[in-house]
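S.K.: Got a predicted structure here, sequence first:
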Amino acid sequence: MIRQITILLLWLCWSQLFAQSDPPAADSTLERADFILTTPQELALHEGALITIEGCIVRASYNDRLKGKPIFLDMFAPYPDNPFSVVIWESNQSKFLPALEYHQKKVRITGRPVRKKNQERLSIELHNPKQITILGSCKS
């Protein structure tokens, strides 16, 4: 009996000693970028990089006719005159404020501007509400 307990204790110690645990996966979009962009033209220079951009949401719209039922937040100028899109897909919308809550608000958005297949426009997808901060109202 003592031998069995000793073997069990040795096995437990050995398994704890050599146990491998993976660190929790981090959401890279929640990291902070080293700088803040303030014009849409700068965005194209940082395609794929983690960026933070600050500006006014001039139009917020929900499109239930498109696949994925996206919310589009148009910064700086309304579509099609803005050079990029900020998108919140239906699967993440319950985490965010309703679209109209972002209309005419100055915001800071963190994400990775990417180009989808066959699209010329860059887009930043929001998955976590920590990616967007409302800084106040836009000046008229």
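M.R.: Cool, got the structure.
S.K.: and Ser91, what does it touch?
M.R.: Gly68 (C-beta atoms under 8 Å, 6 or more residues apart in numbering). Glycine gets a C-beta too; all of them are placed from N, C-alpha and C.
S.K.: redo that, cut-off 10 Å
M.R.: Ser91 makes contact with 68-69, 127 under the criterion C-beta atoms under 10 Å, 6 or more residues apart in numbering.
S.K.: And it, how far from Val58?
M.R.: Counting by C-beta to C-beta, to the nearest Å, the gap from Ser91 to Val58 is 25 Å.
S.K.: Next: Ile109.
M.R.: Taking C-beta to C-beta, one finds Ile109 at 14 Å from Val58.
S.K.: so what's in contact with those two at the same time?
M.R.: Contacts common to Ile109 and Val58, judged by C-beta under 10 Å, 6+ apart, are 73, 75.
S.K.: My guess is Phe96 contacts Ile134. True?
M.R.: No. Applying C-beta atoms under 10 Å, one finds Phe96 not in contact with Ile134, separated by 11.1 Å.
S.K.: Who has more neighbours out of these two?
M.R.: More crowded of Phe96 and Ile134, by other C-beta atoms under 10 Å: Phe96, with 18 against 13.
S.K.: Per-residue pLDDT of the more buried one, please?
M.R.: Model confidence at Phe96, given as pLDDT, is 98.
S.K.: and if you look at Ala44?
M.R.: 86.
S.K.: Now do the contacts for it.
M.R.: Counting by C-beta under 10 Å, 6+ apart, the residues that Ala44 touches are 83-84, 113, 115, 122.
S.K.: Alpha carbons of stretch 93-105, as PDB, please.
M.R.: Presented in PDB, the C-alpha positions along stretch 93-105 are these (Å, rounded to 0.1, in the frame of the first residue of the first chain):
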ATOM      1  CA  GLN A  93     -23.200  43.200 -32.800                       C
ATOM      2  CA  SER A  94     -24.700  42.200 -29.400                       C
ATOM      3  CA  LYS A  95     -21.400  43.300 -27.800                       C
ATOM      4  CA  PHE A  96     -21.600  46.800 -29.200                       C
ATOM      5  CA  LEU A  97     -23.900  49.800 -28.900                       C
ATOM      6  CA  PRO A  98     -26.600  50.200 -31.500                       C
ATOM      7  CA  ALA A  99     -25.300  51.800 -34.800                       C
ATOM      8  CA  LEU A 100     -27.000  55.100 -34.200                       C
ATOM      9  CA  GLU A 101     -25.100  55.600 -30.900                       C
ATOM     10  CA  TYR A 102     -21.900  56.100 -32.900                       C
ATOM     11  CA  HIS A 103     -23.400  58.600 -35.400                       C
ATOM     12  CA  GLN A 104     -21.700  62.000 -35.200                       C
ATOM     13  CA  LYS A 105     -19.300  60.800 -32.500                       C
END
